[in-house]
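Trainee: Sequence and computational prediction follow.
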Amino acid sequence: MRAVNAPEALADLAPAAAAVFPPWRPESFLQGLGPAYGTDLAAQPVAAPHWVARSESLAQALGAADWLHTDAALALLSGQHVEGLRPHASVYSGHQFGVWAGQLGDGRALLLGEAATPLGPMEIQLKGSGLTPYSRMGDGRAVLRSSIREFLASEAMAALGIPTTRALAVVGSPQPVRRETLETAAVVTRVAPSFLRFGHFEHFAHTAADPAAGKRLLAASIERYFPELQGDDEPAAAMLGEVAVRTARLLAQWQAVGFCHGVMNTDNMSLLGLTIDYGPFGFLDAFDPGHVCNHSDHQGRYAYARQPGVAFWNLHALAQGLLPTVEGPAEAAGERLLAALEPYKAEYARAMLQALRDKLGLRTAQPDDQALIDDLLRLMASEAADFTLTFRRLSAGAAPLRDLFIDRAAFDAWALRYDARLVQEHSDAAERAVRMNRVNPKFILRNHLAQAAIERAQQGDFSEVQRLHTVLEQPFDEQPERAAYAEPPPAGAEPIEVSCSS
Ligand code: AMP
Ligand code: MG
């Protein structure tokens with residue numbers, strides 16, 4: 001997470017702060033813009049709350065390590081009322097699975113306010129804290145299963161160096177919640193500089209059709225989150241261009257670790273280029289470019305290989321959302337916004353090629369690198385080679401990989417080219433291995449690992465959640481005593497189906 005400029009002097013922080021999460025400002029960014037942007041309302045606390053998981057490292061970084069072990073923390077993070085706070089649900093709209101869905105909004109999330117932390121100002125949000133005016137058909141709750149997945153994934157992605165909203169804690173409750181079966185409730189505490197989504201801008205362009213509110217949101221967003229763009233005479237295009245570049249880099253990082261988001265709807269796209277809204281996500285085990293991790297995604301719209309294209313589509317939806325904020329004839333304005341999106345393609349291609357060169361341990365750039373990379377990926381796909389293990393093992397050269405491939409002849413042909421390429425840049429094996437092990441994780445949040453932790457947690461034993469979380473906090477370290485966590489799912493195991501229900 002990147003620090004953003006502090007909005008106000010610390011002197012303006014509310015005194016309620018001290019009891020909460022020092023130092024504290026009870027007003028979130030959108031709340032400060034006025035009533036058009038959402039609704040103030042109290043959370044509906046979960047009954048008999050207990051801790052399920054806490055990210056001690058995040059708490060430390062936020063300056064809240066001690067606080068996270070207090071009764072006050074458990075009370076606040078389970079949704080209980082704290083004097084002086086004004087929780088807020090924000091309104092947004094969006095495209096879901098490529099179709100305009102109209103108004104959505106924080107249907108089960110509440111912003112509690114903003115903490116001034118060593119990482120910069122951070123919004124603190126509860127997810128699963130009860131009904132809001134935007135709950136539609138939902139119950140305002142989140143289940144333990146999906147809350148654990150969001151917690152583990154947020155913190156694992158951060159440890160991988162991928163921009164993401166963070167998760168400070170999961171609070172559980174015996175309170176029943178109905179999904180396909182009866183489950184129990186939980187609340188995740190999410191932390192991010194901002195939870196602004198593409199859908200916030202789409203809302204004022206289409207649903208509320210209030211260009212003035214859209215313009216205010218644009219100006220405030222630039223002032224707060226993109227201060228370097230202030231004074232630009234094309235603010236919408238300037239911000240869109242910056243969002244496009246950040247999104248391109250984010251997508252390259254996703255692809256490079258085999259992360260599938262699963263629900264890349266425009267309401268699940270962060271304006272700051274963070275990974276947001278972990279639901280039916282998955283990390284690749286066997287490499288399959290067409291892998292669809294969301295069981296409810298029947299068309300495969302959000303398949304692994306489609307993600308970069310979907311993000312570009314989503315950026316077009318954001319451009320449409322920004323259109324009414326631009327002065328002058330719409331056609332010319334539209335062209336300028338489209339032009340601002342253009343750098344996405346080149347930036348994604350550049351970032352992805354660089355990421356793959358790094359994964360292969362290549363220090364220099366050669367014209368044939370793309371072909372060398374593509375041929376490895378093709379081989380991995382045809383052999384269903386494990387995505388993470390293949391790259392991790394490659395740090396010791398091509399030879400240790402041979403066992404993973406049934407078509408030895410095809411692999412040997414590729415290995416010869418790779419070895420020649422390494423010789424060409426006078427690559428030193430030991431130095432290269434160190435470099436490669438810093439970009440090719442040994443440990444990722446494999447579905448079967450998450451599932452094992454969840455099943456124990458559903459029996460009241462949260463130790464496996466904490467253990468897995470600890471392993472994933474050092475994904476690039478060898479951790480020999482945790483070698484079992486690096487293994488792919490057992491051969492022949494049924495793939496775990498992850499649905500949208502959460
Ligand atoms: P998602 O696909 O999880 O990002 O959610 C899409 C929309 O549905 C958002 O507006 C959510 O706030 C809302 N939503 C999802 N689940 C629930 C729920 N159980 N209760 C209320 N709203 C929900
Ligand atoms: Mg969402």
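Mentor: Yep, it's here. Residues are numbered from 1 along each chain as shown. Ligands and ions are numbered 1, 2, ... in the order given.

Trainee: drop to CA atoms for contacts and neighbour counts, all remaining ones
Mentor: Fine.

Trainee: Domain parsing of this protein, as residue ranges.
Mentor: Per automatic domain parsing, the structural domains of the chain span 19-67+84-199, 210-352, 362-426.

Trainee: what mean pLDDT does the shortest one have?
Mentor: What that stands for is domain 362-426. Averaged across domain 362-426, pLDDT comes to 96.

Trainee: Kindly report the same for the first one.
Mentor: Model confidence over domain 19-67+84-199, given as mean pLDDT, is 95.

Trainee: Does ligand 1 have contacts with it?
Mentor: Yes. On the criterion CA under 6 Å from any ligand atom, domain 19-67+84-199 is in touch with ligand 1 at 104-108, 135, 138-142.

Trainee: Let me see the contact set for the closest residue to residue 163 other than its chain neighbours.
Mentor: Nearest residue to residue 163 in three dimensions, chain neighbours excluded: residue 274, at 4.8 Å (CA to CA, 6 or more residues apart in numbering). By CA atoms under 8 Å, 6 or more residues apart in numbering, the contact set of residue 274 is 162-165, 250.

Trainee: For the nearest residue to residue 405 once chain neighbours are set aside, which residues are in contact?
Mentor: Closest residue to residue 405 apart from its sequence neighbours, by CA to CA, 6+ apart: residue 383 at 6.2 Å. Shown in contact with residue 383 (CA under 8 Å, 6+ apart): 405-407.

Trainee: tally of neighbours for residue 148?
Mentor: With neighbours defined by other CA atoms under 10 Å, the count for residue 148 comes to 29.

Trainee: for the helix or strand containing it, packing partners?
Mentor: According to DSSP states H and E, residue 148 maps onto helix 144-159. Contacts defined by 3 or more CA pairs under 8 Å, 6 or more residues apart in numbering; DSSP states H and E place helix 144-159 against strand 166-178, strand 182-192, helix 447-458, helix 463-472.

Trainee: rerun that using 10 Å as the cut-off
Mentor: Using 3 or more CA pairs under 10 Å, 6 or more residues apart in numbering; DSSP states H and E, the elements in contact with helix 144-159 are strand 50-54, helix 56-62, strand 166-178, strand 182-192, helix 235-257, strand 282-283, helix 447-458, helix 463-472.

Trainee: Now do it against helix 463-472, angle only.
Mentor: Per axes from the mean of the first three to the mean of the last three CA atoms, to 10 degrees, the angle that helix 144-159 makes with helix 463-472 is 20 degrees.

Trainee: Spit out the contact partners of residue 205.
Mentor: 93, 199, 211-215, 318, 320-325 (CA atoms under 10 Å, 6 or more residues apart in numbering).

Trainee: Distance from the chain centre to the helix holding residue 148, please.
Mentor: 10 Å (CA atoms, centre = their mean, to the nearest Å).

Trainee: Ramachandran angles for residue 40?
Mentor: phi -80, psi 130 (degrees, to the nearest 10).

Trainee: Identify the residues contacting stretch 299-307?
Mentor: Here stretch 299-307 has contacts from 97-98, 251-252, 254-255, 258-265, 282-284, 287-294, 297, 308-311, 313, using CA under 10 Å, 6+ apart.

Trainee: just to revisit the earlier point, any idea which of the contacts of residue 274 has the most stuff around it?
Mentor: Of all these, the most densely surrounded is residue 165 (27 neighbours; neighbours counted as other CA under 10 Å).

Trainee: Let me know how buried the residue lying closest to it once chain neighbours are set aside is, in neighbour terms.
Mentor: Among residues not flanking residue 165 along the chain, residue 192 sits closest, at 5.0 Å (CA to CA, 6+ apart). Residue 192 has 24 neighbours, counted by other CA under 10 Å.

Trainee: cool, and residue 94?
Mentor: That count, for residue 94 with other CA under 10 Å as the rule, works out to 31.

Trainee: Locate it within the secondary structure: which element?
Mentor: Counting by DSSP H and E, residue 94 is part of strand 93-96.

Trainee: quick revisit: need the contacts of residue 383 in CSV (columns: neighbour count).
Mentor: Shown next, in CSV, are those (neighbours: other CA atoms under 10 Å):
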residue, neighbour count
405, 18
406, 12
407, 13
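
Trainee: Let me know the closest of these to residue 355.
Mentor: When these are compared for distance to residue 355 (CA to CA), residue 405 comes out closest, at 23.2 Å.
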